[in-house]
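**Student:** model this:
(one chain, ligands or ions: 1)
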Amino acid sequence: MELNRRTVIAGAAAAGIAASTLGGTAHATGGGTPSKKLFGTLADGTKVHSWSLSNGGTRLKVLSYGGIVQSLEIPDRHGRHANVSLGFDNLEDYVAKSPYFGALIGRFGNRIGKGRFTLDGKPHQIDVNDGENTLHGGSKGFDKRVWDVEPFTKGSDVGLRLYYTSADGEMGYPGTLRVKVTYTLTRHGDWRIDYEATTDKATVVNLTSHVYWNLAGEDSGTVYDHELKIAGSRYTPVDSGLIPTGELARVAGTPFDFRRAKTVGEDIRVAHQQLLYGQGFDHNWVLDKGITAAPVPVATLRDPSSGRTMTISTTEPGLQFYSGNFLDGTLVGSGGTVYRQGDALCLETQHFPDSPNKPSFPSTVLRPGQTYRTTTVHSFGR
Ligand code: GLA
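**Tutor:** Below you'll find the model as predicted:
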């Protein structure tokens, strides 16, 4: 049964039980001001802090480096917390070898073919870092930048505002991009991300978050038995370099059909050319709801063993479902766990990859005077 804290608290109130007696720990309800401590120091002497915040049963640790979610803990059906996101326990590993664990991604989520695009008739060559293509902004994307972090409490919400200014020409992108990302934990334990950006020259922007989810806990093996549902009737097939061909293909009758919940593992070994290119799922779903002013639920993930569930709602038109294909047993994570293929999955809300070269895709162009605004909400249940 899907039962979330909202339902539990409402039920408890009706039954005259104090909410604080539910969920086992004091953290289950408490908001409170986020606290920070030193996490490490970069080679250039810059100090990196780790921020801790909790609300509604969700506990979050965020680094000023990359806006990285270092851990996210939520309760299971018995009220037991586990860290459900892959990460490291030290800054050195994040700097040296992180495959974007928990990070903010920018300026441009996913790939841009050959790192090239033309905007208003002007060609741009951006930093190439994935074969002949650009991935997640370039070799020093927003995941490797130090953000200014400001804590806040607002009503029953607790959160962090993260600021980063990307200089004109950084990684080859035109325009000074001023970015503000707000992480909010609500009293229901939802984790909400609001992205905002402005520019002083026409540019392209596509921001997302790269948390690797394993709802059974980051140390519990593959996510192949997680049930996933995605409200997308089409996806964007790719070439061998994982660049979209431009086609919006129907998911019906293919392994890409997650319109009804099925396990991640059910079709992952089907000999389908697209799965071979990605070594599993590594594709953008075209969300049926399209771009919306307010977040709309688009995907649900459920781990039957713990009962934990996550629903993602977004204003964005696309969702990259990546099934952790490139984890290869060479990384030792936060709890001393060795991460192997399929040990987590990413659900990255976004505009479609390579949009700057695909005029038929929703536009990722941002112009001076406009404000880029998108929102994604992760709601947890058990
Ligand atoms: C994204 C990409 C994948 C991979 C991961 C990070 O999800 O689509 O191909 O690069 O990031 O390893």
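
**Student:** which residues does residue 132 contact?
**Tutor:** 114, 115, 241 (Cβ atoms under 8 Å, 6 or more residues apart in numbering). Any C-beta I mention is one placed from the backbone N, CA and C, and that applies to glycine too.

**Student:** repeat the analysis, applying 7 Å as the threshold.
**Tutor:** 114, 241 (Cβ atoms under 7 Å, 6 or more residues apart in numbering).

**Student:** where does it fall, phi/psi-wise?
**Tutor:** phi -90, psi 10 (degrees, to the nearest 10).

**Student:** residues of the stretch 151-300 of the chain that sit close to the ligand?
**Tutor:** Contact residues, the stretch 151-300 of the chain versus the ligand (Cβ under 6 Å from any ligand atom): 242, 282.

**Student:** which residue does the chain bring closest to the ligand?
**Tutor:** In the chain, the residue that lies nearest the ligand is residue 322 (3.5 Å; Cβ to the nearest ligand atom).

**Student:** low-confidence stretches in the stretch 201-350 of the chain?
**Tutor:** Nowhere does the stretch 201-350 of the chain drop to pLDDT under 70.

**Student:** need the helices for it, in chain order.
**Tutor:** Taking DSSP state H, counting those that start in this stretch, the helices of the stretch 201-350 of the chain run over residues 273-278.

**Student:** go on, the stretch 51-200 of the chain?
**Tutor:** Under the criterion DSSP H, counting those that start in this stretch, the stretch 51-200 of the chain contains helices at 91-97.

**Student:** what ranges of it fall below the confidence cut-off?
**Tutor:** Those would be none, if you go by pLDDT under 70 across the stretch 51-200 of the chain.

**Student:** strands along that one, start to end?
**Tutor:** Remark: strands assigned in the stretch 51-200 of the chain by DSSP state E, counting those that start in this stretch are 58-63, 69-75, 81-83, 103-105, 111-112, 116-119, 122-125, 134-135, 148-154, 157-166, 177-185, 191-199.

**Student:** how about those in a markdown table, adding mean neighbour count and distance to residue 376?
**Tutor:** Output for the strands of the stretch 51-200 of the chain, formatted as a markdown table (neighbours: other Cβ atoms under 10 Å; distance: least, Cβ to Cβ, whole Å):
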| stretch | mean neighbour count | distance to residue 376 |
| --- | --- | --- |
| strand 58-63 | 24 | 15 |
| strand 69-75 | 24 | 13 |
| strand 81-83 | 20 | 20 |
| strand 103-105 | 26 | 12 |
| strand 111-112 | 26 | 20 |
| strand 116-119 | 17 | 25 |
| strand 122-125 | 11 | 27 |
| strand 134-135 | 26 | 20 |
| strand 148-154 | 13 | 19 |
| strand 157-166 | 20 | 14 |
| strand 177-185 | 21 | 11 |
| strand 191-199 | 22 | 5 |
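
**Student:** in stretch 277-297, what's buried?
**Tutor:** Buried residues in stretch 277-297, counted by 16 or more other Cβ atoms under 10 Å: 277-278, 280-287, 289, 295-296.

**Student:** next step: those residues restricted to strands.
**Tutor:** 282, 283, 284, 285, 286, 296 (DSSP state E).

**Student:** and the two most separated of the buried residues of stretch 277-297?
**Tutor:** Largest separation among the buried residues of stretch 277-297 by Cβ to Cβ: 277 and 295, giving 30.4 Å.

**Student:** tell me what the residue nearest the centre of the chain is bridged to.
**Tutor:** Nearest to the geometric centre of the chain sits residue 209, at 3.0 Å (Cα atoms, centre = their mean). Per DSSP bridges, the residues bridged to residue 209 are residue 104.
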